[in-house]
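Trainee: Following is a predicted model, sequence given first.
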Amino acid sequence: MTSFFQDFYLLGWVHQWQLLHVTMGYAPAWALATIAGILLIAFPLMLGVAMIIYADRKIWAAMALRKGPNVVGPFGLLQSFADGLKVFLQETIIPSAANKALFLIAPIVTFTVALLAWAVIPFNSGAILADINVGLLYVLAISSLGVYGTVMAGWASNSKYPFFSAMRASAQMISYEVSIGFILICVVLWAGTFNLDGIVQAQKSHVWIINGFVANPLLFPMWVMFLISGMAETGRAPFDLTEAESELVAGYQTEYSSMSFALYWLGEYANVLLMCALNATLFWGGYLPPLDLPFLYFIPGTMISLGFFWLFLKILFFFFIFSWVKATVPRYRYDQLMRLGWKVFLPLSLFFVFLVSGYLMATHHFCDADQTLYSDAGQYARMQSSGVCK
């Protein structure tokens, strides 16, 4: 948290953490800093979700030779806000046979879980709300909770189509999270840490002057599988079997209206943005520039870092890929979805775990690695003194 606010101090946005500490005392200063950090992430994220919904619709329209939103505001930029106002003013209808408590809690769970994972995403060097050593495990655990919102909605609606959708969501989550887990093992093995900021730093000049594991021939296939698995994990086309309108009317969202429906909509896009950020952070260098050249790290003539800019640019790039796929690739059948997860991605990701770990052991990567890649000096010393390095 200290480095987080020191970084913002360079931009002239807030006072130094030390000043808050001296004038207010540690506990109030820590609470104020934490709340400010949460708001600095949550408000831009909500604005970003509104704008990427607009961008999503414009991309689909362009690929179908249509104009898309172009009436509300200049170039249709205010269309998402108009839609938000419309659903806010609508009546919330709860089916008479539904479990009312779970029916209302489900969209809140989906929306809340979609925001929690952003706490460990590094936006710049030190600009991270919770810089924990197990950041990657935290993201994996939080993303796993997202399916509960869908399952609760399907069961609480007391309707057959939402219930079928909930069962599909459970199977889909299990199928692709197993593969994602093995893919992340490969990244952790190479980086030597679960800390997301440490993983970003491990990608610096990874291959020649290229920042990013994606330039590594052993990790490039892992990125491709992670990208596709991310689409399945977030329920995006062509893997949106949980809300297939030709089969399930609208899936788990069938009985929802007004703001409860809007929370699902916002949660879905927040999850998509999170998956784009994880693609950038784990494989494309995160806040690092594409090339390890000194003039790409700071605004010329200043000491202001360009890390936010590079991460934002990479997130936009991956979101364009998500939209591109949704606009062009037809929806999978359910058996195809399961076959891809269990018969293709699972054995491939498991094979690459053995391949990557074998390569790292054969080349003594753990023995020659820099001590800064390890979470503590004791871990580094144990690795150096083990029989592996002899």
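Mentor: Yes, it's here. Numbering: from 1, shown residues only.
Trainee: The stretch 101-250 of the chain: helices as residue ranges?
Mentor: Ranges of helices in the stretch 101-250 of the chain, per DSSP state H, counting those that start in this stretch, are 135-156, 160-191, 196-202, 220-233, 245-248.
Trainee: other SSEs contacting the third one?
Mentor: Judged by 3 or more CB pairs under 8 Å, 6 or more residues apart in numbering; DSSP states H and E, helix 196-202 is in contact with helix 135-156, helix 160-191, helix 258-283. Where you see a C-beta, it was placed from the backbone N, CA and C, and this is true even at glycine.
Trainee: Export these as CSV, with columns for distance to Ile53, mean neighbour count and mean pLDDT.
Mentor: Shown next, in CSV, are the helices and strands packed on helix 196-202 (distance: least, CB to CB, whole Å; neighbours: other CB atoms under 10 Å; pLDDT from 0 to 100):
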stretch, distance to Ile53, mean neighbour count, mean pLDDT
helix 135-156, 18, 22, 87
helix 160-191, 22, 21, 88
helix 258-283, 6, 23, 90
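Trainee: right, so of those, which gets closest to Val329?
Mentor: helix 258-283 (15.5 Å; CB to CB).
Trainee: Give the other helices and strands that the closest one contacts.
Mentor: Short answer (3+ CB pairs under 8 Å, 6+ apart): helix 258-283 packs on helix 26-63, helix 79-89, helix 100-116, helix 135-156, helix 160-191, helix 196-202, helix 220-233, helix 307-328.
Trainee: which stretch among those helices comes nearest Tyr359?
Mentor: helix 160-191 (9.3 Å).
Trainee: packing partners for the closest one?
Mentor: Using 3+ CB pairs under 8 Å, 6+ apart, helix 160-191 is in contact with helix 135-156, helix 196-202, helix 220-233, helix 245-248, helix 258-283, helix 334-339, helix 346-362.
Trainee: could I get those as CSV with distance to Ala36?
Mentor: Output for the helices and strands packed on helix 160-191, formatted as CSV (distance: least, CB to CB, whole Å):
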stretch, distance to Ala36
helix 135-156, 20
helix 196-202, 20
helix 220-233, 30
helix 245-248, 42
helix 258-283, 20
helix 334-339, 42
helix 346-362, 39
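Trainee: What values do phi and psi take at Leu129?
Mentor: phi -70, psi -50 (degrees, to the nearest 10).
Trainee: What about it, how many residues nearby?
Mentor: 20 (other CB atoms under 10 Å).
Trainee: Before I go, just wanted to say thanks for your time.
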